[in-house]
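S.K.: below are the sequence and a predicted model for it; my questions follow.
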Amino acid sequence: MKKQLLTFLIIALSTLAALGIFRVVPTSDSTVFFEPDAPQLATLAELKRQYGSTDNAIITIVSSGESLITAEHLRQIGHLTAALQKLPHLVHTESITTAKAVQSTPFGPRLSTLIPANFESLSPERQREIVQRVTSSPLCRNYLVNDSGTAVGINLHFELDNLPAGADQEIRDSLTAIVHRELAPPLRSFITGGICINGAFTEAGLKDSLFLTPLMIAVTFLLLALFIRSKGELFALVLTVIPVPFIVMGISGWLNLPFSPSSAVVPIITGAIAVATSIHVITAFQLHLENHTRSEAMALGLQASEKAIFYTAITTAAGFFSLNFSNTPPFRTMGNLAGIGTMIVALFSLFLLPQLLVRWGNSTRTLFHWESKPLFRLVTNHPKLILSIATVLVGISSIGLPHLAASDSFVNYFDSRFTFRRDTDSTLANLTGIDYLQLSIPAPKAGVSDSIYLEKIDSLTNWCRLDSNVRYAISLPLILKESYQSLTGKWQLPPHSLRNRAIAEMEKSTDQRIIASHSSAAQLFIVFNRVTSNDLRSFAESCSTKAVQTMNNPEITVGSTSLLFARLSESNSRSMKNGMILSLILVTGILMAVTRNSKLGTVSIIPNLLPLLMSFGIWGIFVQKSGLGLSVVAPMALGIIVDDTVHFIVRYRRFKSEGYTTVDAIRLTYEELTSAVITTSIILMAGFASLTISGFQPTREMGILTAVTIFLALIADLLVLPALLVLFDSKPKK
């Protein structure tokens, strides 16, 4: 009666938890990857207050090799710009048809459009002069127009703070519809920018959730149908496993946790762990079927395996919970959900699955059998050879460890399946970049018009423009020089009186984004070619140092969304070192508790460290770049791969306590566990390998490295661990 009541309570609570899945809402805010109180976000907020929003969309318009600065094309681009200016929450528009500069007029310097409204009626010679000025203007070149005029851009800035959920998607949908409606062939368009990045994160999470999860389920159950020859046992396993991912995601919904690409993989991870744990229960159950009833076989099986399952649940959950050391909230969410899922898996596997197996399980062994005798003979006859080969392989692969560098690109987070990636690549190829950097340089007491202040900023700007990674750089001195050139034909800073008048004209305009409010500072705005996070971090550090030295002012503010992401993988890798240490301590403690012997506990940790060293070393040799996804692999994978070690050691210690020699204990452990260890490892590898199909790079890299680590751990548990036991625990129990 008590068991039935407990079963009812588990089912009821699980159903209630799973209903929370309807509350899961995908997030479209890329800032969820950062702490809400992160100083970098505060820097961005300050830059936004001074110079306006950088939540933008860049529309790149290209032709078939012909100039777009013609009367016909400008008319079409002008109509498109006007239509886009009706979008909600739009605060600023930059386009070659609306771009303004201080120019000479009969009434003195005035802010007017670079391309006049009567362009169509001007003489061909005058039109060519305007085209030449636009394509060479530091305000427009490599930003709103390319050198040849065959690509132009429209940069829209939105205010997205405090908008209701889904509002940014409505903006993206409306923007795309307007562009497709207003542009006619042969003109083509590509849309990228900050609000498109947000949409790409949402799309990545949904794609992984809707495609990878069903794929993993299909592959897993295909493998299960191969390994489990009993329909009843397969059905019992399905009833145990299927609810777990829904319960975990339901808990996420009840807790209002943001749904990101990182949390989208939780159902896959927890599903694979649930299957692997269930396989161990089924194996233990079938080992005792020959001479016992199903109830007796299950009781004996649980007696032999429940301790190992309990320990492995702790180590696996600890590995996931160690992700709380990450400074990336989505990874913490992923770790917490997967850790909760692991504990639910242990509960279901030790309570629900045994009842289902007793009811529907076969009366004979049906699990696919992997032959263990060749492994046993190899290990007992050549333990030193195995350890020597392992040592050499670890040594060779470790050569790659120093080559690992936290260097990726947030554009490359998304592969070519995403419209955002394709459009960004086309924008980079034809017009401008989307990675940027802002430097806010405080003005002296004399104000932003101070000659020495402007000359120093001009020197800093020229220094930046010399860098091969810089595509575009604009600052107040460049704007003033261009205005003076329009007045006198001389490329130099204007005299003080003209300089003040030009700045006054700029301050009147709501379009200017170079001078801060109240003229308290001026901005140096830099756009890059395709850069890695390492390149961007390096440039930002050098530029900041150069700026402080040049301006003799330590109060310069440097920041951007691009820099935030560039620093993310590096800072996350540093923060996860503590997580790895904690995971290692917990795993070591568990192994000490299992072996009840400090020497054996130390020996047992070796087969779990070797796969990590080898997998990361191999990655360092062949890939070298370490991205955001790799920063969480080590502590997470350690918690997973130690499971087979725990199962092996628990069985081995039981046989030793019964009086068997080391060799006989290893033989019996092989006979009981080889099939389960190989089968569960294949299931786990399949689960993580399914992540390699993801279009989201951090997920893909995490899946690749974890699957490789599990494969290497399988070899280590079946060869290295027994070889170590042969050499270091060869004294038989008296």
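M.R.: Cool, got the structure.
S.K.: what about the stretch 151-300 of the chain, any weak spots by pLDDT?
M.R.: By pLDDT under 70, the stretch 151-300 of the chain has no low-scoring segment.
S.K.: contact partners for His79?
M.R.: Glu182 (CB atoms under 8 Å, 6 or more residues apart in numbering). Any C-beta I mention is one placed from the backbone N, CA and C, and that applies to glycine too.
S.K.: which intervals of the protein have sub-threshold pLDDT?
M.R.: Within the chain, the segments meeting pLDDT under 70 span 1-2, 28, 102-111, 365-366, 509-512, 730-734.
S.K.: now do 50
M.R.: 732-734 (pLDDT under 50).
S.K.: domains in it, as residue ranges please.
M.R.: Structural domains annotated on the chain: 1-28+228-367, 52-198, 371-418+567-734, 419-565, as defined by automatic domain parsing.
S.K.: ends of the last one, how far apart?
M.R.: From the first residue to the last, domain 419-565 extends over 20 Å; the measure is CA to CA, to the nearest Å.
S.K.: next one: that domain to chain centre, how far?
M.R.: Computed by CA atoms, centre = their mean, to the nearest Å, the separation of domain 419-565 from the middle of its chain amounts to 30 Å.
S.K.: tabulate the domains of the chain (JSON lines), appending distance to Leu222.
M.R.: What follows is the domains of the chain, written out as JSON lines (distance: least, CB to CB, whole Å):
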{"stretch": "domain 1-28+228-367", "distance to Leu222": "11"}
{"stretch": "domain 52-198", "distance to Leu222": "36"}
{"stretch": "domain 371-418+567-734", "distance to Leu222": "9"}
{"stretch": "domain 419-565", "distance to Leu222": "31"}
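S.K.: go through those domains and name the closest to Ser209.
M.R.: For the domains of the chain, proximity to Ser209 was assessed by CB to CB; domain 1-28+228-367 is nearest, at 4.4 Å.
S.K.: tell me which residues in the longest helix along the chain are buried?
M.R.: Taking DSSP state H as the criterion, the chain has its longest helix at helix 561-595. Judged by neighbour count using 16 or more other CB atoms under 10 Å, the buried positions of helix 561-595 are 561-573, 575-576, 579-580, 582-584, 586-588, 590-592, 594-595.
S.K.: what's the answer for stretch 4-16, then?
M.R.: The neighbour-count check on stretch 4-16 (16+ other CB under 10 Å) flags 10, 14 as buried.
S.K.: and if you look at stretch 205-222?
M.R.: 205, 207-209, 212-213, 216-217, 219-221.
S.K.: and which of these is nearest Glu94?
M.R.: In terms of CB to CB, no member of the buried residues of stretch 205-222 lies closer to Glu94 than Gly205, at 30.8 Å.
S.K.: hmm, Ser263 and that closest one touching each other?
M.R.: Yes: with contact defined as CB atoms under 8 Å, Gly205 counts as touching Ser263 (7.3 Å).
S.K.: mind listing the helices for the stretch 1-150 of the chain?
M.R.: Under the criterion DSSP state H, counting those that start in this stretch, helices of the stretch 1-150 of the chain are mapped to 2-18, 39-51, 71-84, 124-136.
S.K.: who wins for proximity to Val248 among these?
M.R.: So among the helices of the stretch 1-150 of the chain, helix 2-18 is nearest, using CB to CB, at 8.4 Å.
S.K.: how far away from the center of its chain is that closest one?
M.R.: Put simply, helix 2-18 sits 36 Å off its chain's centre (CA atoms, centre = their mean).
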